[in-house]
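**Q** Here's a sequence, model it:
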Amino acid sequence: MKQYIYISNYDSKKITVLTLDNKGKLYKIQNVHTKGYVQPIIINKNKQILYAGVRSKNKIITYKIKKNGKLEEIEQTPLSITSNHLEIDYINKLLFVTSYNYNCIDIYKISKNGVPKKSIQTINKLNGCHSTNLYLKKNILLIPTLKEDCIHIYKLNKNKKLVHHKQIKIKTKKKSGPRHITFHNKNEYAYCINELNSTINILNLKNENKKKIKIIQTIDTMPYKYNKLRWGADIHITPNNKYLYTSDRALNIITSFKINKKGNKISITGHFKTETCPRAFNIDYYGKYLISVGQKSNSLTIYKILKKENGRLSYINSLNTENNPIWVITNLIKK
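**A** Residues are numbered from 1 along each chain as shown. Presented below is the predicted three-dimensional model:
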């Protein structure tokens, strides 16, 4: 098995492909020209396909991921909106396209060859929606709306249509600005990064049909007594559910957290200087490495995750990227 890293570079209009070896070394193997401002990317792991949301002439470009990790364009799907986040429903074969600028999400049916063909539903009036986060175990979608300070809750019905969950939404603290969400892989908890006040909310998803989904912990991601600008960005959890990480673009840091066994409580284990304006980062398939990209530094840094030190980070290396790296994802290919 071999690991690959994919980075979308907005200003350069390119997707960079790199290999990641067992020692944490990265090697560039391809630059793909998207002929448009590329932002969100996501991998359909069932099909070994990469989807890229491209602006100017709004579209989704579908790429085949070859056995050597390189990309080969298959088809382009026109969009009526700009895209800033993508999510996949593997069971119902759907692609969710979130648009912050258009305050909506579009749902596309994925064809047998993995290409999103046409929009089958649009959900409007999601003011400042930043992402669509599917929790398959419960068949619910959590949609953070930054400008409303709330998280909308939807379910997919038998006709594969989104309908409101009976709770409809979860209110967050005023001017918190919920942005991105990640889930505990075993226990029923969600972790939401808030952009405007750089905090994390933990949501209890247990018995959501009988009880309300509630925020059970809110924790600051910034250093103690920090009282300047805050600008939270990304959030990811390790595959073993032991460690959680966030990035902040005001202080240019990655914050590490230890998760308790139940998954319902986290505590800070460290703050680590990283790239300038770290809008995106990600964790490799094995949970050994964290890769952070800087929008303004035009470079990436890779860290080793120290399991014996509660998930603290150890610097390995830095590498130049193309201009304005805005998204980074990882992929494992079987030989």
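**Q** Can you classify Tyr4 as helix, strand or coil?
**A** strand (DSSP: H, G, I helix; E, B strand; the rest coil).
**Q** repeat for Lys308
**A** Criterion first, three-state DSSP; result for Lys308: helix.
**Q** Please tell me how far it sits from Ile237.
**A** Counting by Cβ to Cβ, to the nearest Å, the gap from Lys308 to Ile237 is 19 Å. Every C-beta, even on glycine, is put in place using the N, C-alpha and C of the backbone.
**Q** Between those two, tell me which one has more neighbours.
**A** Ile237 (22 against 6; other Cβ atoms under 10 Å).
**Q** pretty sure the more buried one contacts Tyr189?
**A** No. Using Cβ atoms under 8 Å, Ile237 is not in contact with Tyr189; the gap is 9.9 Å.
**Q** list the residues that contact both of the two?
**A** Here Ile237 and Tyr189 have Phe183 as joint contacts, going by Cβ atoms under 8 Å, 6 or more residues apart in numbering.
**Q** ok, Gly333 - contacts?
**A** Check again: residue 333 is Ile, not Gly. Ile333 sits next to 1-4, 48, 65, 67, 69 when contact means Cβ under 8 Å, 6+ apart.
**Q** Kindly give the local confidence score, pLDDT, for it.
**A** The per-residue pLDDT reported for Ile333 equals 94.
**Q** and it, what are its phi and psi?
**A** phi -120, psi 130 (degrees, to the nearest 10).
**Q** Report the buried members of the contacts of Ile333.
**A** The neighbour-count criterion (16 or more other Cβ atoms under 10 Å) marks 3-4, 48, 65, 69 among these as buried.
**Q** Of the residues you listed, which is the nearest to Lys258?
**A** Checking these against Lys258 with Cβ to Cβ, the nearest one is Gln3 at 24.8 Å.
**Q** looking at it, that closest one is touching Ile283, isn't it?
**A** No. Counting by Cβ under 8 Å, Gln3 sits too far from Ile283 to count as a contact (11.2 Å).
**Q** what is in contact with these two at once?
**A** Joint contacts of Gln3 and Ile283 (Cβ under 8 Å, 6+ apart) are Thr330.
**Q** Tell me the one of the buried ones among the contacts of Ile333 nearest His164?
**A** The closest of the buried ones among the contacts of Ile333, once distances to His164 are taken by Cβ to Cβ, is Gln48, at 34.5 Å.
**Q** show me the contacts for the closest one.
**A** Contact analysis of Gln48 by Cβ under 8 Å, 6+ apart lists 64-65, 333.
**Q** Quick check, pLDDT for Lys211.
**A** pLDDT at Lys211 comes out at 84.
**Q** Can I get the contacts of Gln48 in CSV including distance to Lys93?
**A** Listed next are those as CSV, based on distance: Cβ to Cβ, whole Å:
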residue, distance to Lys93
Lys64, 17
Ile65, 18
Ile333, 22
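**Q** from those residues, which is closest to Ile316?
**A** Distance to Ile316, by Cβ to Cβ, is smallest for Ile333 among the contacts of Gln48, at 21.9 Å.
**Q** and stretch 91-104, which residues are buried?
**A** 93-100, 102-104.
**Q** What lies in contact with that stretch?
**A** Taking Cβ under 8 Å, 6+ apart as the rule, stretch 91-104 contacts 51, 53, 60, 79, 81-89, 105-110, 116, 120, 122-132, 134, 136, 141, 143, 146, 156, 160.
**Q** Could you tell me how far it lies from the centre of the chain?
**A** Between the centre of stretch 91-104 and the centre of its chain there are 13 Å (Cα atoms, centre = their mean, to the nearest Å).
**Q** Kindly report the same for stretch 292-303.
**A** 16 Å.
**Q** Extract the CA atoms of it and return them as CSV.
**A** Extracted C-alpha coordinates of stretch 292-303, given in CSV (Å, rounded to 0.1, in the frame of the first residue of the first chain):
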residue,chain,number,x,y,z
SER,A,292,-0.5,21.5,7.3
VAL,A,293,-0.6,24.0,4.3
GLY,A,294,-0.3,27.8,4.4
GLN,A,295,-2.3,30.0,2.2
LYS,A,296,0.1,32.9,2.6
SER,A,297,3.4,31.1,3.0
ASN,A,298,2.8,28.9,-0.1
SER,A,299,4.4,25.9,1.6
LEU,A,300,3.5,22.9,3.7
THR,A,301,4.8,21.4,6.9
ILE,A,302,4.7,17.7,7.9
TYR,A,303,4.7,16.7,11.6
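**Q** Sweet, I'm off.
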